[in-house]
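1. one predicted model, sequence on top.
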There are 2 protein chains.
Amino acid sequence: MSSTEKYHATTSHSVSKKAYHHGDLRAALIEATRQLVEEKGPDRFSVSEACRRAGVSTAAPYKHFKDKTEMLVATVLEGMDRHRSKMLAALDGIPEGSPERITAIGMEYIAFALSEPGIFRLKFGGFTDRIADPRLEEGGQQNFSILLTEVAKCLGEPGITEEVRRRGFLLWSFVHGLSFILHDRRLAEKGEEFDLHAILEDVSERMLN
Amino acid sequence: MSSTEKYHATTSHSVSKKAYHHGDLRAALIEATRQLVEEKGPDRFSVSEACRRAGVSTAAPYKHFKDKTEMLVATVLEGMDRHRSKMLAALDGIPEGSPERITAIGMEYIAFALSEPGIFRLKFGGFTDRIADPRLEEGGQQNFSILLTEVAKCLGEPGITEEVRRRGFLLWSFVHGLSFILHDRRLAEKGEEFDLHAILEDVSERMLN
DNA sequence: CTCATCAAGTTAGCATCTCTAACATATGTT
DNA sequence: AACATATGTTAGAGATGCTAACTTGATGAG
């Protein structure tokens, strides 16, 4: 269901031929947007600059996106997909029901927030009111479910019960806030000062009892 | 040390006289900025519109602020002052050393984030890299100290020890993340579904042992 | 009181940005 | 081959951030 599938990847060899048609401009614009959001910050991003980077005129994006906001939404969605994949991959090899699985999700959550702070803040930082896109909410819910599934197994609950939801919510709040603060205060750089993994283990235990 | 003191509050009666000089344009612009940031969102804010609202030309602000960013910084600083006052006021009447004081700070922290989400997100949402202003860091540290002081008393520690700092950091992370999520998901509206005060009491206890 | 000075307004204008309208060119269907 | 459609282009309107140069009025020295 990748949103790029409907665009045929033609002329992969003819980039230098200055083809009138780009091949997959939509994907190229998303990638340019992603880069710029990281380089300049979510607010300093401009459509024009993304166009320059993709090598097209400033009007071209409007054949693919309704407006600037939709361009950003598409970029965030792509980021959330990657984020989800990474969190799932992080679970690989850790035994079912182990609390270590919850720690692993938290570590990966924070790693994403720190390695792609632009996208992370674009999603969560302050644009939410405008970007009240149902696809974003759905993606967020999907990612949250990964955590809930593990919490349920850890607590020995039969499924996503109300109690599971409550505990998961507490855990998410903590890791979410931690992500912001670590980045804001550049505390990730002072890595030796505190062991992130240990903190997550500690808090998970406290929260899940 | 109010930053407005140096501006004489003249012509308080002559607003309608269309005085060439405004009286206290700096404060008026900060207030207009605050309103607009809440109404339109931190990103949709424009200097021009603040000027319109304050009734001056678009060049006027640059006599008081270096650029748009500094205008926003000044507005955030003003908000942080109010935030601090409110948190301190919330402690009034609660006995020293009581864990209830920590809950009260958390409640007030969240209340601010939900009642002034624009300012809250302007400070914490995604502009931090650009707004690496030492005054903002200092203000943040001051507000954090309010919490640390209470944590120290609750733990019976002699002062802001490393352990106090660690526990306070965990608590802050949790409340910080909760603030974002409650607003993002508009969960504050579904107030009956969960008792915020109870959650904070629960988590504080878990975190402080 | 007068006048020079300075702070704090103004207008005009440049560079940039978002987005639209009208036009141009590939692509692929028939 | 020809038409329809998708996907580019150029031109330009309207908003914005900020600067330069000018204007106004408050203030303090003589």
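-> Cool, the structure landed. This structure is a prediction, so every number in the text was calculated from the model and none was measured.
2. ok, now how distant is whatever residue of chain A ends up closest to chain B from DNA strand C?
-> With C-beta to the nearest C-beta, the shortest gap between chain A and chain B falls at residue A:177, namely 2.8 Å. All C-beta atoms are positioned from the backbone trio N, CA, C, and that covers glycine. The spacing between residue A:177 and DNA strand C, counted by C-beta to the nearest atom of the strand, to the nearest Å, is 30 Å.
3. residue B:178 versus that residue, what's the distance?
-> Distance, residue A:177 to residue B:178, by C-beta to C-beta, to the nearest Å: 7 Å.
4. spell out which residues make up each domain of chain A.
-> What automatic domain parsing lists as the domains of chain A is A:17-63, A:75-208.
5. so which helix or strand takes in the closest residue to residue A:161 other than its chain neighbours?
-> Closest residue in space to residue A:161, ignoring its immediate chain neighbours: residue A:152 at 7.2 Å, by C-beta to C-beta, 6 or more residues apart in numbering or on different chains. Using DSSP states H and E, the element containing residue A:152 is helix A:134-155.
6. if we can go back for a sec, could you measure from the residue of chain A closest to chain B over to residue B:159?
-> According to C-beta to C-beta, residue A:177 and residue B:159 sit 25 Å apart.
7. who's more crowded, these two?
-> Ranked by neighbour count (other C-beta atoms under 10 Å in any protein chain shown), residue A:177 and residue B:159 place residue A:177 first, with 23 against 8.
8. pull the contacting residues for that one.
-> By C-beta atoms under 8 Å, 6 or more residues apart in numbering or on different chains, the contact list for residue A:177 reads B:172, B:173, B:174, B:175, B:176, B:177, B:178, B:179, B:180.
9. can we see that at 7 Å?
-> Applying C-beta atoms under 7 Å, 6 or more residues apart in numbering or on different chains to residue A:177 gives the contacts B:173, B:174, B:175, B:176, B:177, B:178.
10. still on that earlier bit, tell me which of the domains of chain A lies nearest to DNA strand D.
-> Among the domains of chain A, the nearest to DNA strand D by C-beta to the nearest atom of the strand is domain A:17-63 (3.1 Å).
11. now, which of the contacts of residue A:177 lie within helices?
-> Counting by DSSP state H, the part of the contacts of residue A:177 found in helices is B:173, B:174, B:175, B:176, B:177, B:178.
12. mind putting the residues you listed in a markdown table, distance to residue B:42 and pLDDT included?
-> Shown next, in a markdown table, are the ones in helices among the contacts of residue A:177 (distance: C-beta to C-beta, whole Å; pLDDT from 0 to 100):
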| residue | distance to residue B:42 | pLDDT |
| --- | --- | --- |
| B:173 | 22 | 98 |
| B:174 | 24 | 98 |
| B:175 | 21 | 98 |
| B:176 | 17 | 98 |
| B:177 | 19 | 98 |
| B:178 | 20 | 97 |
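13. hmm, back to that, against which helices or strands is the helix holding residue A:152 packed?
-> Packed against helix A:134-155 by the contact rule (3 or more C-beta pairs under 7 Å, 6 or more residues apart in numbering or on different chains; DSSP states H and E) you find helix A:68-91, helix A:100-115, helix A:162-184.
14. any stretches of chain A with poor pLDDT?
-> The model of chain A has pLDDT under 70 over residues A:1-20, A:127-131, A:187-193.
15. need the contact list for the residue nearest the centre of it.
-> The centroid of chain A falls nearest to residue A:80 when counting by C-alpha atoms, centre = their mean (3.4 Å). Counting by C-beta under 7 Å, 6+ apart, residue A:80 touches A:123, A:139, A:143.
16. Three-state assignment for residue A:23, please.
-> Secondary structure for residue A:23, judged by DSSP: H, G, I helix; E, B strand; the rest coil, is coil.
17. neighbours of residue A:94, just the number please.
-> Quick note: residue A:94 (other C-beta under 10 Å) scores 16 neighbours.
18. for it, what are its contacts?
-> Residues near residue A:94 by C-beta under 7 Å, 6+ apart: A:100, A:101, A:104.
19. redo these as JSON lines? Include distance to DNA strand D and neighbour count.
-> Formatted as JSON lines, the contacts of residue A:94 follow (distance: C-beta to the nearest atom of the strand, whole Å; neighbours: other C-beta atoms under 10 Å in any protein chain shown):
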{"residue": "A:100", "distance to DNA strand D": "46", "neighbour count": "17"}
{"residue": "A:101", "distance to DNA strand D": "42", "neighbour count": "22"}
{"residue": "A:104", "distance to DNA strand D": "40", "neighbour count": "21"}
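20. for chain A, what lies in contact range of DNA strand D?
-> Chain A comes close to DNA strand D at residues A:7, A:20-23, A:25, A:56-60, A:63-64, as judged by C-beta under 7 Å from any atom of the strand.
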